[in-house]
Each structure stands twice: as structure tokens, then as C-alpha cells.
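Undergrad: A predicted structure for the sequence below; I have some questions about it.
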Amino acid sequence: MSAPLQLAGARAVVTGAASGIGRDLMFELVRRGAHVAACDIDDARLLAAVKRAQRLNDAVTVTAHVCDVADRAAVRQLRREVALAHETEEINLLFNNAGVVGGMSFVTAPEAEWERTFAVSWGGTYNCSREFLPMLLAAPRGAVVNIASANALWASLGRRTPHSAYSSAKFAVRGFTESLIVDFERHAPHLSAVLVLAGHVRTRIAAPPRSWRRAFDGSFADYEPVSSAAAACQILGALEEGQWRVVIGEDAAAVDQRVRAAPAEAYD
């Protein structure tokens, strides 16, 4: 358990905020009274989402920032923009949500596709955490919330269905987040790290193939994915309750249980 966080009045940065979990995190943060700097590479969708968020609560500040989180220099500029737009050198919450899918096979996928997927899905988490760390350290309380995946537990989409680049990235996100728990306890005890392990959530990312539902003897064959809004509420509820590990969806829960119970059989 980490210390519960008060969301009302908090200042948050959300990446991948133009759609899916990121957009609904922004909406729900605004409803709960948090100020939000929303970031995405898709400027049109981002602006539309931010305009909607601004109508939800005119008592908070919501700003839009176009940025490729895989680009360290661009993230450094994002930090400057956030500080200027929100007139502060502090943030309380960093939601590393941006991610892309691609590079399914290390053997057959184009090298550029594999590297782009890894650069966004892991590199974006690292770049934003590194650049916004001074603003988090300056705040009286704060948290880094990293949106990983069931593929941070199991590097596959089912029998003979690799998910190479994305899984590699999310394994890195998971390890980084768990290392931050120990690091923050020693060097920044006012900060928390939260790991989100999401299964199939209804977003713009394509649904997993049939092999996903057939995995682990069909343990989640009949599972219906949760909405991105429900996922966002679960994540924020965990923050308010002081939980550091958030498993979203029956499929993610099944993967978590099966891989821990019989790791040597995970890829049979």
C-alpha cells in the first residue's frame, strides 16, 4: 500500500490523452477537480477531447499539448509548456499512458516498426518520467502512474502468436514501476509509483486475435472487455485508496494468476 492521494486540486499530466484510457482519465480527473495537462501526438483528436473536458468543470485548468513522447527533446519542451500554461513548477500526477502496437514478431516484422513500438510504449514512459521528475519532487505529494498491460506478465497473444515489441516494452514498464516503489521509498518518500496491468479494454487499439481467447484452456473465452471509462475510474479509485498494483479485466486477472502459478508452462 502507498499513501492515498487527494485528486481535487491536484495537477496531472496525462499522455495518450486523445483517446481510450488516457482520454477517460482526463475526463474523470477533471470531474474530480484536478487540473490536467493533456498530451498526444494526434492534434485534432486531442483538441476535441480537451474542449470536451473543459466543459465538464470550468473551475479547473485543462490544456492541450501536442508531443511525440518517444522524442526526449519534445518531452523536455512539453515540460516547459506545462509549467508555463499551469503557472507552476510542481505536478502531483504523471500518467504514462501513451502506447502503440506493432512489431509483433522480432523475426519477421520490419525493424522500424518494432523500434517505433518500443520507443513509444517504453521510451515514452522513461522520457516523461525523467523530464517531469523535478516537478514531481517539488510537489508535497505525488505519484507516477504507468499504464502497462497483461502483456507485462505474459509476452504472447496466445499459442504461436507473438507480441514481441509491445510485450518487451510493457515488461520494461512493469520492472521500472516496481523499481520506483523501492527507489521512492528510499529517496523520495512523498512519491508513489502505481502499476496498471490492463487486459483487453475497449479503445482504438485493435482487439486481440482469437488466439487470445483460446489461451490458457479458454480461461477467459467469454470475457467481455471493460470500457475505457470504467478502466479510468478503477485506476483513480486505486490512487485514492493507496493501491500500487491495479489489474483491469478478467482476462488480465486470469493471466496474472496462471503465469504466477505455473510460469514454466506459460508458453506451452
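TA: Here it is on my side, so go on. Numbering: from 1, shown residues only.
Undergrad: Go ahead and confirm residue 79 touches residue 133.
TA: No. The criterion here is CB atoms under 8 Å, and residue 79 misses it with residue 133 at 9.7 Å. C-beta: built from backbone N, CA, C; applies to glycine.
Undergrad: Comparing these two, which residue is more hemmed in?
TA: Comparing residue 79 with residue 133 by other CB atoms under 10 Å, the one with more neighbours is residue 79, at 22 against 16.
Undergrad: Below-threshold pLDDT in the protein: ranges please.
TA: In the predicted model, the chain carries pLDDT under 70 at residues 1, 205-207.
Undergrad: Now do the lengthiest helix in it: which elements does it pack against?
TA: With secondary structure taken from DSSP state H, the chain has its longest helix at helix 164-187. Packing contacts for helix 164-187, counted by 3 or more CB pairs under 8 Å, 6 or more residues apart in numbering; DSSP states H and E, involve helix 111-118, helix 124-138, strand 142-147, strand 191-198.
Undergrad: what about 6 Å?
TA: If you count contacts as 3 or more CB pairs under 6 Å, 6 or more residues apart in numbering; DSSP states H and E, helix 164-187 packs onto helix 111-118, strand 191-198.
Undergrad: would you list every one of the helices in the stretch 1-150 of the chain?
TA: Using DSSP state H, counting those that start in this stretch, the helices found in the stretch 1-150 of the chain span residues 20-31, 43-56, 72-85, 111-118, 124-138.
Undergrad: What lies in contact with the shortest one?
TA: By CB atoms under 6 Å, 6 or more residues apart in numbering, the list of residues contacting helix 111-118 from outside reads 100, 102-103, 165-166, 169.
Undergrad: repeat for the third one
TA: Taking CB under 6 Å, 6+ apart as the criterion, the residues outside helix 72-85 that touch it are 37, 63, 65, 67-69, 89, 127-128, 131-132.
Undergrad: do that again at 8 Å, thanks
TA: Contact with helix 72-85 is made by 13, 37, 39, 61, 63, 65, 67-69, 89, 91, 124, 127-128, 130-132, 135, as judged by CB atoms under 8 Å, 6 or more residues apart in numbering.
Undergrad: got it, and the last one?
TA: Under the contact criterion CB under 8 Å, 6+ apart, helix 124-138 has outside partners 13, 15, 69-72, 75-76, 78-79, 82-83, 88-92, 94, 96, 98-99, 142, 144, 146, 172-173, 176, 180, 188, 191.
Undergrad: one step back: what comes up buried for the longest helix of the chain?
TA: If you call a residue buried by 16 or more other CB atoms under 10 Å, then helix 164-187 has these buried ones: 164-174, 176-177, 180-181, 184.
Undergrad: Which one of those residues is nearest to residue 219?
TA: Nearest to residue 219 among the buried residues of helix 164-187, counting by CB to CB, is residue 167 at 18.6 Å.
Undergrad: Need phi/psi at the closest residue to that closest one other than its chain neighbours.
TA: Of all residues not flanking residue 167 in the chain, residue 155 sits nearest, at 3.6 Å (CB to CB, 6 or more residues apart in numbering). Dihedral pair for residue 155: phi -90, psi 60, per degrees, to the nearest 10.
Undergrad: from here on, count from 792
TA: I'll keep to 792 as the first residue from here, and by that count the last item is residue 946.
Undergrad: got a list of what residue 946 touches?
TA: Each residue near residue 946 by CB under 8 Å, 6+ apart is listed here: 953-955, 958-959, 962.
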